[in-house]
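In: just the structure for this:
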Amino acid sequence: MILIFSDLHMGIRSYSVQDNNGLFTAENESRIVLSQLTHRFKQDDIDMMIFDGDFFHTNHPTSSNIEFTIKWLIEINEINKPFFIMPGNHDDSIFSHSLAFIRSLNLPNIHLVDKASINQYENIMWKEWHLVFAPYSSNYNLKEKDLYVTTDVLHKLETSKEKTLIFTHIQEVAAKIGSESIMIAKGVDLIDIDLYSIPNDVYVISGHMHKRQMYKRGKATVCYPGNCFYQDFSDVNDDKGYMLFKEDGEILFENFTGIRIFRNYIIPQDITPFDFFKKYRIPPNELIFVTVLTDEKYDEEVLSDYIEKHGSAFGGVRYKKNEEDASSYIFSNTTDPFQTFTTWLNENKSQIIEEIQIPKEIIEDCFTSCKTIGIEIIEKSLENKEEYI
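Out: The predicted model follows:
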């Protein structure tokens with residue numbers, strides 16, 4: 001089998017405290033994850049391992065995290081199986097990326113697949129499967145910074161052979177949004193795979209989306225292993241782990257252990273959070289968020305102390321009017337904002353054209369080229385017809 005993982009984000013420090021060695025909780029969890037991957041990679045049923053991008057949270061990782069990564073890569077190299085690692089948008093900068101040091105390590109089983117080396121990895125086979133890589137790399141023109149990777153992915157989709165696995169780091173438009181949405185400064189352009197002519201059934205196995213998911217788009221099966229550990233409220237109640245691809249095309253997921261689990265507990269209207277947790281056994285090593293179905297405010301400091309005495313941490317309280325609102329807030333089916341925007345345009349196209357007198361050609365162009373304009377801008381234009389783009 002092929003072991004695939006993604007979006008480690010080593011160096012992120014959300015919901016963390018610092019230990020006596022200066023290491024943050026989330027940084028330590030990334031190291032726990034890598035240790036478990038080493039153990040799993042050694043098992044006889046794994047032939048190779050692939051990483052789909054965003055190894056580091058920034059393109060300037062700390063020396064401590066680089067040092068740990070070098071030691072880990074040396075250990076992985078000694079397993080004597082191929083490991084392919086690609087940069088993601090968080091690793092990337094205009095002229096290089098945070099994984100570039102790997103090349104100087106000269107580890108024969110560690111394969112850094114990036115813009116500089118991609119030609120070396122054009123004919124990789126595993127069993128009967130063609131392995132195709134489309135690593136993330138910024139375009140030199142910042143106005144179209146994702147042009148290189150989107151063009152590369154679409155070309156490889158349209159020229160794909162039978163039994164092809166495409167490994168990349170993109171946001172496909174039908175993907176459900178997760179905690180990557182809080183990292184808006186590191187967003188990427190959207191790709192609608194369904195708009196393109198794909199000659200054969202393919203698998204697109206991608207990083208970037210933090211919510212584990214798998215779905216069909218035409219002839220493509222899109223798979224996101226998801227991020228490796230919990231990073232934000234958007235990750236609550238999700239499973240975190242890695243993906244296994246079997247020779248017959250079956251996909252399995254396995255979870256990491258020993259990391260904090262982010263949980264959200266919805267407190268009914270007829271009970272206080274304090275009474276709820278007195279009846280409910282708080283598991284250790286969780287980060288607990290509380291959603292209460294009332295406007296009544298509670299002393300969060302007291303609640304935090306109570307939860308921490310039971311070996312877990314407190315993430316905060318959210319107040320919602322009813323359980324339906326709370327559930328939709330936690331388990332959102334939202335895909336991407338651009339898809340929401342185009343739906344809104346479809347419903348209001350005639351009003352925009354007639355009342356604001358924006359030419360029809362501009363509206364049509366929004367469906368294919370607009371990536372940053374927000375719904376609220378057009379809505380404001382409807383209110384004040386003299387102010388529009």
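In: right, and Leu105 touches Leu73 too?
Out: Yes: counting by Cβ atoms under 8 Å, Leu105 does reach Leu73; the two are 6.5 Å apart. In short, each C-beta sits where N, CA and C put it, glycine included.
In: out of those two, which sits in the busier spot?
Out: Leu73 (21 against 13; other Cβ atoms under 10 Å).
In: so that one is in which element?
Out: Following DSSP states H and E, one finds Leu73 within helix 63-77.
In: helices or strands up against whichever helix or strand comes after that helix?
Out: Going down the chain from helix 63-77, the next helix or strand is strand 83-85, by DSSP H and E. Contacts defined by 3 or more Cβ pairs under 8 Å, 6 or more residues apart in numbering; DSSP states H and E place strand 83-85 against strand 48-51, strand 110-112.
In: residue contacts, Ala134?
Out: Residues in contact with Ala134 (Cβ atoms under 8 Å, 6 or more residues apart in numbering) are 149, 152-153, 156, 166-168, 170.
In: repeat that for 10 Å
Out: 86, 113, 118, 148-157, 166-170, 204, 206 (Cβ atoms under 10 Å, 6 or more residues apart in numbering).
In: could you count how many residues lie near the nearest residue in space to it that is not next to it in sequence?
Out: What sits nearest to Ala134 in space, not counting adjacent residues and going by Cβ to Cβ, 6 or more residues apart in numbering, is Thr168, at 4.0 Å. Per other Cβ under 10 Å, the neighbour tally for Thr168 reads 26.
In: what score does Thr168 have for pLDDT?
Out: With respect to pLDDT, Thr168 scores 96.
In: would you mind measuring from it to Met1?
Out: According to Cβ to Cβ, to the nearest Å, Thr168 stands 20 Å off from Met1.
In: coming back round to it: identify the contacts common to Leu105 and Leu73.
Out: With Cβ under 10 Å, 6+ apart, Leu105 and Leu73 have common neighbours Leu112.
In: strands of the stretch 201-350 of the chain, residue ranges please.
Out: 202-207, 213-217, 220-224, 241-245, 251-255, 261-267, 286-292, 313-319 (DSSP state E, counting those that start in this stretch).
In: minimum distance to Thr58: which of the ones you listed has it?
Out: Ranking the strands of the stretch 201-350 of the chain by proximity to Thr58 (Cβ to Cβ) places strand 202-207 first, at 15.8 Å.
In: just checking, what packs against the closest one?
Out: Here strand 202-207 touches strand 2-5, strand 129-134, helix 147-158, strand 164-169, strand 171-172, strand 213-217, strand 220-224, strand 241-245, going by 3 or more Cβ pairs under 10 Å, 6 or more residues apart in numbering; DSSP states H and E.
In: what does the average pLDDT come to for the shortest one?
Out: Summarised as a single mean, pLDDT over strand 171-172 is 91.
In: gap between it and the chain center?
Out: 10 Å (Cα atoms, centre = their mean, to the nearest Å).
In: still on that earlier bit, out of the helices and strands packed on strand 83-85, which is closest to Lys81?
Out: strand 48-51 (5.7 Å).
In: wouldn't Thr159 be in contact with Glu122 here?
Out: No: Thr159 is not in contact with Glu122 according to Cβ atoms under 10 Å; the separation is 11.2 Å.
In: can you pull the residues that touch both of the two?
Out: Val132.
In: longest single helix anywhere in the protein?
Out: Ranked by residue count and defined by DSSP state H, the top helix of the chain is helix 25-41.
In: which helices and strands does it pack with?
Out: Using 3+ Cβ pairs under 10 Å, 6+ apart: helix 25-41 touches strand 2-5, strand 48-51, helix 63-77, strand 241-245, strand 251-255.
In: now those in TSV, with distance to Arg263 and mean pLDDT?
Out: Shown next, in TSV, are the helices and strands packed on helix 25-41 (distance: least, Cβ to Cβ, whole Å; pLDDT from 0 to 100):
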stretch	distance to Arg263	mean pLDDT
strand 2-5	23	98
strand 48-51	28	98
helix 63-77	27	97
strand 241-245	17	98
strand 251-255	15	97
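In: got JSON lines for the ones you listed, with distance to Asp305 too?
Out: Formatted as JSON lines, those follow (distance: least, Cβ to Cβ, whole Å):
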{"stretch": "strand 2-5", "distance to Asp305": "36"}
{"stretch": "strand 48-51", "distance to Asp305": "40"}
{"stretch": "helix 63-77", "distance to Asp305": "32"}
{"stretch": "strand 241-245", "distance to Asp305": "32"}
{"stretch": "strand 251-255", "distance to Asp305": "30"}
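In: which one of the ones you listed lies nearest to Ser30?
Out: helix 63-77 (8.0 Å).
In: CA atoms of the closest one as CSV?
Out: What follows is helix 63-77, C-alpha atoms only, in CSV (Å, rounded to 0.1, in the frame of the first residue of the first chain):
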residue,chain,number,x,y,z
SER,A,63,15.9,25.9,13.7
SER,A,64,14.5,23.5,16.3
ASN,A,65,11.8,22.2,14.0
ILE,A,66,14.3,21.9,11.1
GLU,A,67,16.7,20.0,13.3
PHE,A,68,13.9,17.6,14.4
THR,A,69,12.8,17.2,10.7
ILE,A,70,16.4,16.3,9.6
LYS,A,71,16.7,13.6,12.3
TRP,A,72,13.3,12.3,11.3
LEU,A,73,14.2,12.2,7.6
ILE,A,74,17.4,10.3,8.3
GLU,A,75,15.3,7.7,10.2
ILE,A,76,12.8,7.5,7.4
ASN,A,77,15.7,7.1,4.8
